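Chemist: Predicted coordinates and the sequence they were generated for:
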Amino acid sequence: MDLILPIISNIGLLALAAIVYSAMPGFEAGTNRIVRSSLIGLGLGLTAVLVMLTPIEFAPGVIYDARNAPLLLSGLVGGPVAALIALIPPVAVRASIGGVGMVTGIVGMVAISMCSVVAWAIVRRRTIHRVLPALLLYTAASSIISLPAIMLIPDKGLVWRLVTDFGPVIILTNVAGVGIWGLMIAHESRRRALVADLRESESAAREALAVRNRFISMMSHEVRTPLNAILGYAQLLRDDNLNAGQQERVDRLSVSAKNLLRLIDDILHFSQYQDRHAEVAVERWSLPQVVDDALSTVRADAAGKGLALRLPADGVPALLVEVDGPRLRRCLVNILSNAVKFTDRGHVAIAVSVNMTAERDGAERDGAKASDSEGGARLRISVTDTGPGIDEDRVERVFTPFERLGAVSTGGTGLGMAIVRAAVDAMGGSVSIASQRGAGTTVTLEIPTTVHGPAAAPAPAPEIHEYRPARDGTQVLVVDDIDINADIACAFLEQVGCRTAVAVNGADAVEAVRAGGVDAVLMDIEMPVMDGLEATRAIRDQATEEPARSVPIVALTAYASRNDMIACLDAGMNGYLSKPIDKVSLFDALVRVKVLSGASAPEARAAEASAGRPARSANAAGAAEAFSADRYAALAKLVPQETLQVVLEQAAAEIESLGAQVAAAHVDIEDKRQALHKMVSIAGNIGLLRLSALSRRLQDGIRGGGTLEPADIQEVSDATAQALAKIAELRSDKSPAI
């Protein structure tokens, strides 16, 4: 019993040290080999010292413990450096203890360390198949080899008694200690190797996904280039004098090309949304605007099938919500497109609600004051159709990529709902489908969001029938290294009376702009010599003199991701269009930067008759309704009467201050633009449409490189005064139209 307890204690301490080792992070990867061996040696040496705290005392001055177990493993797992360093701490401790067995103990430890180095050399040269038996055999052999060190004890009688009575105990202690340590270290090493392999596999998979996404992005770019030619020339042909049969062929050509473009977009979005590391860009978005943008993409198709698009009687909540707007819009477009595609008669209805989260409701119940303008919520959007429905056992298959449940003739890639699920998952939400065969389908999205107060309802886009250069002799520089793309863009521009010039790379574009005479630039991105982003930065550089430095630049590129758009705007561009280009979108982009003027046909003819010159840009602010009672009523529903009075008071103060900032001569043009930018939302939120639209038009003009004329400032002053008068009437519950 006197020996059993110290042995158990020794082996227990070894097991504890092994557990500590298992809990420590691995340092194999990226660590210098000498440093790694030194750390292993130091750890095993300290473990040997630890077990020396409870020795087995065979005789006065003669002790034994499980110190040899860590030493036997030191060279085996760490090499000669580890064996040397592991030897130092226990030798120092044994020397400090002293006694007749000191020399024997030190020589025995040196012998054990040498055995561990020999074992390391053997393992390096051959593979050991039966690890545990080989390890135990190595331990027993090393113990026997070190046993003759006992002969250094002067008392030979004691030596004989130690060999005969305690030799088996010494060997057993070494074998048990090494067995425990060896097994735990081997297990931990295998675990760490497996983790390293998994990390390497994850890294390889992530790199493969990145390569795949780059490939898809590149292919999207390359396929869009010929599609740009197909759709561009189809639009040009449509403007020619074609007979009915030729017109039909051109229309079918356009439809087929657009279907191919939709397929490319689906694959590109699916690959982007599958990337779990793709950033979710959460910003404040107008909820009515997001819904209206999605509905606008399916209105024509729904009208063609005689389907009604229904919104609830109270409309979409007029709120600013914090979401990834483009992702949410893509989800709604895919869901609505499916609903219209598979519904032959009846309607497609969309319902939108915003419900405050339980945490916010709980705070209000507990007496905490919740903000009237901001709070956590869940956005719920449901799209219901009167189509054929889906069998219950097939609903989940809708989310499977490339799975098409409808007839092949309906077309599509089978990626629409897979994109929806991936996008909603990325936003932390959920999507569900309720459907029955013959009873229609309802798709519901729920997305966590934050509410930031009221938002303006989307203003209807003005329908422009005629485009003209904003001034005589307007010249647009088309920068593209592909002749077909440049030819199409030039043909579109020449249709509306612009002069055109062509550059085949960014360096030529910079030179042409700095030479003067260029009123706008359509800039491709990927070009030889100098790409479009670098060329834009060079044009915006101080080395370029005004007015060339402020020339409007619109990106015209086959790259179609959000990151590409952000890169273009960050470089200093004023707009972004992805190929293939639609000429109306191109003209609208040039209207926004005041290179073209847009007006309805009657306005254009009246302007020509009265002024004898090209029609001026349609003044959306002047044509717009001055005040929207519906929008104001929507705001009034959202907030209590006392809060509404505060909102009106604050709006009046802000509008008066911002109007004065716009009118002040000493204020920088950029500060005036920011003031107009704020005025857009402040006025729009309470229904002051004229002031909001005017502010938007003027701030867009400044962003495009323009300035404010005295007439513009006077127009702002007049609109501001009218707005302040209207707010005063609203505060006193008088609401005559302005």
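Modeler: Structure received.
Chemist: Tell me, what's the model's pLDDT at Ile128?
Modeler: pLDDT, Ile128: 71.
Chemist: any idea which helix or strand carries the residue lying closest to it once chain neighbours are set aside?
Modeler: Once flanking residues are discounted, Ile128 sits nearest to Ala134: 4.9 Å by CB to CB, 6 or more residues apart in numbering. Using the backbone N, CA and C atoms, a C-beta is placed for each residue, glycine as well. Using DSSP states H and E, Ala134 sits within helix 131-146.
Chemist: tell me the mean pLDDT for that helix?
Modeler: Taken as a whole, helix 131-146 has a mean pLDDT of 78.
Chemist: What strands line up against the longest strand that the chain contains, and which way round?
Modeler: In the chain, assigned by DSSP state E, the strand with the most residues is strand 441-454. If you go by DSSP bridges, strand 441-454 pairs up with strand 319-323 (antiparallel), strand 375-385 (antiparallel), strand 430-435 (antiparallel).
Chemist: average model confidence for that strand?
Modeler: Averaging pLDDT along strand 441-454 gives 88.
Chemist: repeat for stretch 678-697
Modeler: For stretch 678-697, mean pLDDT is 79.
Chemist: List the buried residues of it.
Modeler: Neighbour-count burial for stretch 678-697 flags 678-697 (criterion: 16 or more other CB atoms under 10 Å).
Chemist: immediately after the helix holding Ala134, which helix or strand?
Modeler: helix 156-161.
Chemist: now the stretch 51-200 of the chain, which segments are flagged as low pLDDT?
Modeler: Within the stretch 51-200 of the chain, the ranges that satisfy pLDDT under 70 run 166-167, 169-170, 173-174, 176-189, 192.
Chemist: redo that, cut-off 50
Modeler: Of all residues in the stretch 51-200 of the chain, none has pLDDT under 50.
Chemist: swap in the chain?
Modeler: By pLDDT under 50, the weakly predicted segments of the chain are 1, 359-374, 407-410, 600-624, 734-738.
Chemist: any idea how far the residue nearest to Ile128 lies from Ala111?
Modeler: 20 Å (CB to CB, to the nearest Å).
Chemist: Chain neighbours aside, what residue packs nearest to Thr343?
Modeler: Gly387 (3.8 Å).
Chemist: wait, doesn't the one you found sit right on Ala339?
Modeler: Yes: in this structure, Gly387 is within contact of Ala339 by CB atoms under 8 Å, at 6.8 Å.
Chemist: With neighbour numbers in mind, choose between these two.
Modeler: Taking other CB atoms under 10 Å, Gly387 and Ala339 do not tie; Ala339 has more neighbours (26 against 23).
Chemist: bridging residues for Tyr576?
Modeler: Applying DSSP bridges, one finds that Tyr576 bridges with Ala555.
Chemist: Now for it: which residues touch it?
Modeler: Residues in contact with Tyr576 (CB atoms under 8 Å, 6 or more residues apart in numbering) are 554-555, 557, 564-565, 568-569.
Chemist: hmm, try it at 10 Å
Modeler: 523, 525, 554-557, 559-560, 564-569, 589 (CB atoms under 10 Å, 6 or more residues apart in numbering).
Chemist: ok, now Asp483?
Modeler: Each residue near Asp483 by CB under 10 Å, 6+ apart is listed here: 229, 502, 504.
Chemist: In a strand, the second one, correct?
Modeler: Yes: counting by DSSP: H, G, I helix; E, B strand; the rest coil, Val502 is found in a strand.
Chemist: so it makes contact with Ile488?
Modeler: No: look at Val502 against Ile488 with CB atoms under 10 Å: they stay out of range, at 11.6 Å.
Chemist: overlap in contacts of the two?
Modeler: 478, 480.
Chemist: Looking at these two, which has the bigger crowd around it?
Modeler: Per other CB under 10 Å, whichever of Val502 and Ile488 has more neighbours is Ile488, with 26 against 17.
Chemist: now the strands for the stretch 551-700 of the chain?
Modeler: 553-557, 575-578, 596-599 (DSSP state E, counting those that start in this stretch).
Chemist: picking that back up, quick one: the residue nearest to Ile128 from Thr127, how far?
Modeler: 11 Å.
Chemist: Of the two, which one has the most company?
Modeler: For Ala134 versus Thr127, neighbours defined as other CB under 10 Å are more numerous around Ala134 (14 against 5).
Chemist: how many neighbours does Ile264 have?
Modeler: Using other CB under 10 Å: Ile264 sits among 19 other residues.
Chemist: Equivalent analysis for the one 3 residues further on, please.
Modeler: Ile267 has 17 neighbouring residues, counting by other CB under 10 Å.
Chemist: Check for me that it belongs to a helix.
Modeler: Yes: according to three-state DSSP, Ile267 belongs to a helix.
Chemist: Name the nearest residue to Thr720, ignoring sequence neighbours.
Modeler: Closest residue to Thr720 apart from its sequence neighbours, by CB to CB, 6+ apart: Gly659 at 3.6 Å.
Chemist: I'd say the one you found and Val716 touch.
Modeler: Yes: here Gly659 reaches Val716: they are 6.2 Å apart, a contact under CB under 10 Å.
Chemist: list residues touching both of those two?
Modeler: Joint contacts of Gly659 and Val716 (CB under 10 Å, 6+ apart) are 675-676, 679, 691, 695.
Chemist: Please name the residues that touch the closest residue to Glu649 other than its chain neighbours.
Modeler: Nearest residue to Glu649 in three dimensions, chain neighbours excluded: Arg731, at 7.3 Å (CB to CB, 6+ apart). Going by CB under 10 Å, 6+ apart, Arg731 touches 644-645, 648-649, 652.
Chemist: Put the alpha carbons of the helix or strand encompassing Asp718 into PDB.
Modeler: Assigned by DSSP H and E, Asp718 belongs to helix 710-731. The C-alpha trace of helix 710-731 is given here as PDB (Å, rounded to 0.1, in the frame of the first residue of the first chain):
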ATOM      1  CA  PRO A 710     -30.400  82.800 -59.600                       C
ATOM      2  CA  ALA A 711     -33.700  81.600 -61.000                       C
ATOM      3  CA  ASP A 712     -33.200  78.200 -59.300                       C
ATOM      4  CA  ILE A 713     -32.600  79.900 -55.900                       C
ATOM      5  CA  GLN A 714     -35.600  82.000 -56.400                       C
ATOM      6  CA  GLU A 715     -37.700  78.900 -57.200                       C
ATOM      7  CA  VAL A 716     -36.500  77.300 -54.000                       C
ATOM      8  CA  SER A 717     -37.400  80.400 -52.000                       C
ATOM      9  CA  ASP A 718     -40.900  80.500 -53.500                       C
ATOM     10  CA  ALA A 719     -41.500  76.800 -52.900                       C
ATOM     11  CA  THR A 720     -40.100  77.100 -49.400                       C
ATOM     12  CA  ALA A 721     -42.500  79.900 -48.600                       C
ATOM     13  CA  GLN A 722     -45.400  78.000 -49.900                       C
ATOM     14  CA  ALA A 723     -44.400  74.900 -48.000                       C
ATOM     15  CA  LEU A 724     -44.100  76.900 -44.700                       C
ATOM     16  CA  ALA A 725     -47.600  78.400 -45.300                       C
ATOM     17  CA  LYS A 726     -49.000  75.000 -45.900                       C
ATOM     18  CA  ILE A 727     -47.500  73.600 -42.700                       C
ATOM     19  CA  ALA A 728     -49.000  76.500 -40.800                       C
ATOM     20  CA  GLU A 729     -52.400  75.600 -42.200                       C
ATOM     21  CA  LEU A 730     -51.900  72.000 -41.300                       C
ATOM     22  CA  ARG A 731     -51.000  72.800 -37.800                       C
END
